[in-house]
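Q: I'd like to go over a predicted model; first the sequence, then the structure.
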Amino acid sequence: MIRLVNISQTFQGRAGAVEALRDIDLEVGEGEFVAVVGRSGCGKSTLLRMVAGLLNPTRGEVYVDDALVDRPRRDLGMVFQRPALLPWRSVYDNVMLPIEFFGWRKSAYRDRAMALLSKVGLDGFHKRLPHELSGGMQQRVALCRSLLTEPRALLMDEPFSALDALTREELSAELQRIHMDNAATILFVTHSISEAVLLADRVVVLTPRPGRILRTLEIRIPRPRTLGHNAHQEEVAQLSAELHELLMADHEPTAAAGRVGG
């Protein structure tokens, strides 16, 4: 569904050129949850911005449903590190923002907006303003906003990194449930090993800058998953340790590094 073909990205600055990504080949299948991990500055967020059509690659091409991405697409939902809610608008009005932006009929989405708020535990909060909510609740609102138009894929850029540990785990469980219920296609950028193992079908590990695919790990642990005591605790620990070693080492990509599942 999402396909990156020989993607590279170089930024020009006053101090010279900075190569962010080099030779990325990646596919994300329909209904698949793929996490991208790597050290700070390895190009994770840049990769996501290119899929979203917010940035054109220096070299290579990005496709969604075999259509070339060269501008922002309405059928891709985006969730950022910060919820980016408009402070003067209610929770409901923030969720409905994409409908106003696209000029669509509000009445057709009213029930879905309320159902999404209910699904993430925000029943009765639709009239509240953002400052009346906790950080975790605000991020739930942002998630509802991104899901309102039933996007073909959801792109998430470290959406839980600003939250406390317990709230992060709670929202990770919520996202896992949404993925299971809706077979949503999700490309998820994170620096958290535990989030990657908890959520993803595959984890793509990037090298330090310029980001290249070092390894792709399959996560075959049955869902729902938890970081607490469970029957698959040993598998979670083993995969987490493997990811930790990959991120700590400074390896060169192997010939099979770009291999991905469909």
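A: Everything's here; your move.
Q: show me the contacts for Leu47.
A: Leu47 sits next to 4, 7, 21, 24, 36, 189, 211 when contact means Cβ atoms under 8 Å, 6 or more residues apart in numbering. Placement of C-beta: from N, CA and C, glycine included.
Q: ok, 10 Å please
A: Neighbour list for Leu47: 4, 7, 9, 20-21, 24, 26, 36, 38, 55, 57, 62, 155, 157, 187, 189, 204, 206, 211 [criterion: Cβ atoms under 10 Å, 6 or more residues apart in numbering].
Q: what's the pLDDT at it?
A: Note on Leu47: pLDDT of 95.
Q: Checking Leu143 next. Helix, strand or coil?
A: For Leu143, the assignment made with DSSP: H, G, I helix; E, B strand; the rest coil gives helix.
Q: Dihedrals phi and psi, the nearest residue to it once chain neighbours are set aside?
A: Nearest non-adjacent residue to Leu143, counting by Cβ to Cβ, 6 or more residues apart in numbering: Val79, 6.0 Å away. Dihedral pair for Val79: phi -120, psi 120, per degrees, to the nearest 10.
Q: Tell me what Val79 is bridged to.
A: Taking DSSP bridges as the rule, Val79 bridges to Met156.
Q: Next one: it from Asp23, what distance?
A: 27 Å (Cβ to Cβ, to the nearest Å).
Q: who has more neighbours, these two?
A: A side-by-side neighbour count of Val79 and Asp23, using other Cβ atoms under 10 Å, places Val79 first with 23 against 16.
Q: Thr149 touches Met78, doesn't it?
A: No - with contact defined as Cβ atoms under 10 Å, Thr149 does not reach Met78; the gap is 11.4 Å.
Q: neighbour count winner among these two?
A: Ranked by neighbour count (other Cβ under 10 Å), Thr149 and Met78 place Met78 first, with 22 against 18.
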